[in-house]
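Visitor: what's the 3D shape of this:
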Amino acid sequence: MLNKKLINLLNENKKKILKSRIICIGDIILDHYINGKVERMSPEAPVPILLTKNKKYVIGGAGNVATNISNMGAKTTLICLSGNDSSSVTISKLLSEHKLIKNLSIEVPNFKTLIKTRFINNAEHLLRVDNVNINFKLIKNKRY
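Guide: Prediction:
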């Protein structure tokens, strides 16, 4: 029932959405999904062994918000921090696939993009590993 109401609301306001220009500011995350199947337990410890079937990357955080907004037809500007690491390159490639998103990433030396890796067994979430940039500190009074 909620989905029908939401779809009707979006359809009724489609012209307004298409004319909208929205700015998203925030942390961008690279979501990494590793899908597979557990067929046995490890003999080394009581943990499942996941046999990988496929992997995919998806834009997370503020990038996910910008993607959802652009998928509704609104022009979106995304402002976030970026590094020169491989995750930032992957995010730039993913963002380039969305023609309604203008990417205004601010490149910061030594900044590493947060990666959240999820291990999925037949749609069951087994584990999430976060690669957090704990060494990055913004320098006070530095303007970007």
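
Visitor: strands paired with the helix or strand containing V58, and their directions?
Guide: Using DSSP states H and E, the element containing V58 is strand 48-61. Sheet pairing here is set by DSSP bridges, and for strand 48-61 it gives strand 28-41 (antiparallel).

Visitor: Just give the closest residue to the spatially most central residue of the chain, not the sequence neighbours.
Guide: Geometric centre of the chain, nearest residue: G60, 1.5 Å, by CA atoms, centre = their mean. The spatially closest residue to G60, leaving aside those adjacent along the chain, is I29, at 3.5 Å (CB to CB, 6 or more residues apart in numbering). Every C-beta, even on glycine, is put in place using the N, C-alpha and C of the backbone.

Visitor: who touches that neighbour in this structure?
Guide: By CB atoms under 8 Å, 6 or more residues apart in numbering, I29 lies in contact with I59, G60, G61, G63, N64, T113, L114, I115, K116.

Visitor: Quick one: buried ones out of the residues you listed?
Guide: I59, G60, G61, G63, N64, T113, L114, I115, K116 (16 or more other CB atoms under 10 Å).

Visitor: Just name the closest of these to N103, please.
Guide: For these, the closest approach to N103 (CB to CB) belongs to G63, at 8.8 Å.
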